[in-house]
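Chemist: Attaching a predicted model along with its sequence, questions to come.
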Amino acid sequence: MIEDLAGLVARHPLLEGLPGGIPERVAGCARNVVFDAGALLLAEGEPADTLYLLRRGRVALEVHSPGRGTLVIETLDAGAAVGWSWLFPPYRWHLDARAIGPVGAVAVDARCLRDKADADPAFGYELMKRVSAVLLDRLQATRLRLLDLYGNDRLA
Amino acid sequence: MTASPEAPALRSGQGGGTGPLVPSPCRVVGRRVETDDVVTLLLEPPPGSSLAWRPGQFNMLTAFGVGEAAISVSGAPRELGPLRHTVRDVGAVTHALCRAPVGSVLGVRGAYGTDWGVDEIGDADVVVVAGGIGLAPLRGAIWTIADRLGAGGGRLFVAIGARLPDQVVFGDDLAAWREAGAEVALTVDAAAPGWNGPVGLVTTLLPKMAFDPGRTVAMLCGPEIMMRFVARDLLDRGVDPARIRVSIERNMQCGVGLCGHCQLGPLLVCRDGPVLAYHRVGELMTERER
């Protein structure tokens, strides 16, 4: 079971190409999960205890805004990683993440992962480099969307 | 920097006017509301005249008594009949154009500028990336390429970004392009629950598109920041910058390379553009408009 998970983890874009042994160590904290359409992977305010590596399906990140209802601010598809609040105290989710249709993922126990990273800084550094690259991409994309690109984009 | 020393192309507007700066009176014979602030107008030229254009070119449209604006042609060569322009209400002139009722008369001069070069594509894969109303200048090129799919050429990928689901223009065309064999993907900046499509930047659509970078022609139109990011991703994938075409918009006023308002480094966008190869214009796209 661990070997199967290790293969899934090793092939996931977040960790693909990392030195041997790292995917296995991540897989040691992981399990396979599935969600039905509409199910919540994360709920705002709840303990952030899991990193999800999406294998199939689409997940919507949602926020609730008084007077505006629920807004989908981003969707993530197979190959993406969901959930970063497990990295830093107070380890609480800031958003909801809801399955749009059936979703399959590898769920990595965050405390287990943090403990391994703390115990082995080399492992932790490799992990953080990958996580940081994704966070940077998301930050850049968010900055662009803050510009409201299509709001006043063409003379036409 | 100075403008190109080449002589301005004083091509006459072909609508029956007496010179390149004289608009032809065209009657509004159709009007379609695309979104809350976007309208497509069908314009009939005067009897005995025609308004020739190629996909990617623009016309100067006049709302008499208000002013003139550069608006890309949104028609497709397969569509015979009236000239088609899709206008977004962003200012006084475009507001007047958007409100022009059927039966009213607008001025048209052009067509001006460079086009997408759809006849030079050969059997390349084509990646089209449009943001917002930027789909309008691409519509004719997409239709032309879609009509050729299945005839032994390359594949067609269309990635579209919009602000909200209800601000996507040309919804009927999207379905027709898919039916013709194109891969069409759409993403929005935000959505309410119930929208099952992607939410995010248009660049997030590209990794899922299996085009062959070594034989790809890309056509980009939308906000320049978007085009820069898309071009960067295409370059990272290995697409030749000379085969990435972008549609640039600056402050086009005369349309014929005389006034200089649309100068961008050594280029006059109305004459040398609006469609330009990225290797020629990429670095200039960070120039501030004067």
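Modeler: Noted; the coordinates are in hand. All values reported here derive from a predicted model rather than from experimental measurement. Residues are numbered from 1 along each chain as shown, chains lettered A, B, ... in the order given.
Chemist: Which single residue in chain A comes nearest to chain B?
Modeler: Using Cβ to the nearest Cβ, the single residue of chain A nearest to chain B is A:Tyr150, 3.3 Å away. Glycine gets a C-beta too; all of them are placed from N, C-alpha and C.
Chemist: That residue contacts B:Thr187, doesn't it?
Modeler: No - when contacts are counted by Cβ atoms under 8 Å, A:Tyr150 is not listed as touching B:Thr187 (11.1 Å).
Chemist: neighbour-wise, which of those two wins?
Modeler: Taking neighbours as other Cβ atoms under 10 Å in any protein chain shown, A:Tyr150 and B:Thr187 compare with A:Tyr150 leading, 24 against 21.
Chemist: Distance from the chain centre to the helix or strand where B:Cys26 lies, please.
Modeler: Assigning secondary structure by DSSP states H and E places B:Cys26 in strand B:24-35. Centroid separation between strand B:24-35 and its chain, computed with Cα atoms, centre = their mean, to the nearest Å, is 17 Å.
Chemist: That one pairs with which strands, parallel or anti?
Modeler: Partners of strand B:24-35 in the sheet, by DSSP bridges, are strand B:38-44 (antiparallel), strand B:105-112 (antiparallel).
Chemist: Pipe the ones you listed into CSV and attach mean pLDDT and distance to B:Thr144 per row.
Modeler: Formatted as CSV, the strands paired with strand B:24-35 follow (pLDDT from 0 to 100; distance: least, Cβ to Cβ, whole Å):
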stretch, mean pLDDT, distance to B:Thr144
strand B:38-44, 96, 18
strand B:105-112, 94, 15
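Chemist: does residue 61 count as helix, strand or coil?
Modeler: Unless you meant another one, I'm taking chain A. Classification of A:Leu61 by DSSP: H, G, I helix; E, B strand; the rest coil places it in strand.
Chemist: hang on, it packs against A:Thr75?
Modeler: Yes - A:Leu61 is in contact with A:Thr75 according to Cβ under 8 Å; the separation is 7.2 Å.
Chemist: Of those two, give the one with the bigger neighbour count.
Modeler: Per other Cβ under 10 Å, whichever of A:Leu61 and A:Thr75 has more neighbours is A:Thr75, with 24 against 21.
Chemist: what is the more buried one paired to in the beta sheet?
Modeler: A:Ala60.
Chemist: Next up, the contacts around the closest residue to B:Arg163 other than its chain neighbours.
Modeler: Using Cβ to Cβ, 6 or more residues apart in numbering or on different chains and skipping the chain neighbours, the partner closest in space to B:Arg163 is A:Tyr150 (4.3 Å). A:Tyr150 is in contact with B:Gly131, B:Gly132, B:Ile133, B:Gly161, B:Ala162, B:Arg163, B:Gln167, B:Asp189, B:Gly222, B:Pro223, counting by Cβ atoms under 8 Å, 6 or more residues apart in numbering or on different chains.
Chemist: Likewise for B:Cys270?
Modeler: B:Ala70, B:Tyr112, B:Gly113, B:Arg250, B:Met252, B:Cys254, B:Gly255, B:Val256, B:Gly257, B:Cys262.
Chemist: helix/strand/coil for the fourth one?
Modeler: Assigned by three-state DSSP, the conformation of B:Arg250 is coil.
Chemist: Could you tell me which residues make contact with the residue lying closest to it once chain neighbours are set aside?
Modeler: Once flanking residues are discounted, B:Arg250 sits nearest to B:Cys262: 3.9 Å by Cβ to Cβ, 6+ apart. Residues in contact with B:Cys262, defined by Cβ under 8 Å, 6+ apart, are B:Arg250, B:Asn251, B:Met252, B:Gln253, B:Leu268, B:Val269, B:Cys270, B:Gly273.
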